[in-house]
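Visitor: here is a sequence with its predicted model. Questions after.
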Number of protein chains: 2
Amino acid sequence: MPNLDAAFSAMADPTRRAILARLALGEATVMELAEPFDMTQPAVSRHLKVLEGAGLILRRVEGAKRPCRLAPAAITEIDQWLDMLRVALARNYDRLDDVLAEVTLKRRKAKR
Amino acid sequence: MPNLDAAFSAMADPTRRAILARLALGEATVMELAEPFDMTQPAVSRHLKVLEGAGLILRRVEGAKRPCRLAPAAITEIDQWLDMLRVALARNYDRLDDVLAEVTLKRRKAKR
DNA sequence: AAATTATATAACAAATGAATTATATAACGA
DNA sequence: TCGTTATATAATTCATTTGTTATATAATTT
């Protein structure tokens, strides 16, 4: 999955995560997205390009504006990948439960 | 959340994701983790340092070995963050449903 | 004790990334 | 049509990342 590279590294940048958080509230144009940041417009345009390339956002053309919104594609992919880790961690956790249960049992047998 | 930076950028590298996938099968030493890669041991050691710094793995000391295993911390944090996007996407999806429902209704009214 | 194994760290080169300024283009409003 | 608005692209700079080799250190084996 070469797209996981793009998706994760797109999310690794705090400006881009802030943009995604803003888009979670709904569509926004490039200028609207740029406004909260102490950063030039070209910089924001490139962040959007990265997010789009990663499948995290989609853009419409509306006259001179390019409203952006969240896209499901990349999130789904990331989620599927993370599932592997979640399952593995849950398994470890169960194993830890077993260990603890066993320790408790031994304590009881030892009567204290 | 400054750790999200570290967590996402740690996951952005395919070698590191492969290491995580291997660790999903259980603990492994540095050498065991390095073996499948066409890469020197120091390179792998640094990948592990990145993963540890991001809270994605933990390491024990066992004689000269340093077995690694998955850690829950970073995954939990990532998951919480992704939840925001999931919720937003689900909302958009519902809205889309509404739009489609409306279109269907109009079609019916127009009798075709 | 000496050789070997497991791992870490430092120094360095090449590649990548993020921001800036300058500039281009297309749509819009007067 | 002209000036303005919304956005994109190119050139450049600086910082970070990733891999390499060389070397250090501690544990293990012989």
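Guide: Here it is on my side, so go on.
Visitor: how about A:Trp81: what's its closest non-neighbour residue?
Guide: Among residues not flanking A:Trp81 along the chain, A:Leu4 sits closest, at 5.8 Å (C-beta to C-beta, 6 or more residues apart in numbering or on different chains). Heads up, the C-betas are built off the backbone N, CA and C, glycines and all.
Visitor: same thing with A:Ala71?
Guide: A:Ala71's closest residue in space is A:Leu58 (C-beta to C-beta, 6+ apart), at 4.5 Å.
Visitor: show me what the helix or strand that contains the one you found is in contact with.
Guide: Secondary structure assigned from DSSP states H and E places A:Leu58 in strand A:57-59. With C-beta atoms under 8 Å, 6 or more residues apart in numbering or on different chains as the test, strand A:57-59 has contacts from A:20, A:23, A:48, A:51-52, A:66-71.
Visitor: redo that, cut-off 10 Å
Guide: Residues external to strand A:57-59 that are found in contact with it (C-beta atoms under 10 Å, 6 or more residues apart in numbering or on different chains): A:10, A:16, A:19-20, A:23, A:27, A:29-30, A:33, A:47-52, A:65-74.
Visitor: ok, the residue nearest to A:Trp81 touching B:Pro14?
Guide: Yes. The criterion here is C-beta atoms under 10 Å, and A:Leu4 meets it with B:Pro14 at 7.7 Å.
Visitor: the two: which has the busier surroundings?
Guide: Between A:Leu4 and B:Pro14, counted using other C-beta atoms under 10 Å in any protein chain shown, A:Leu4 has the larger neighbour count: 19 against 13.
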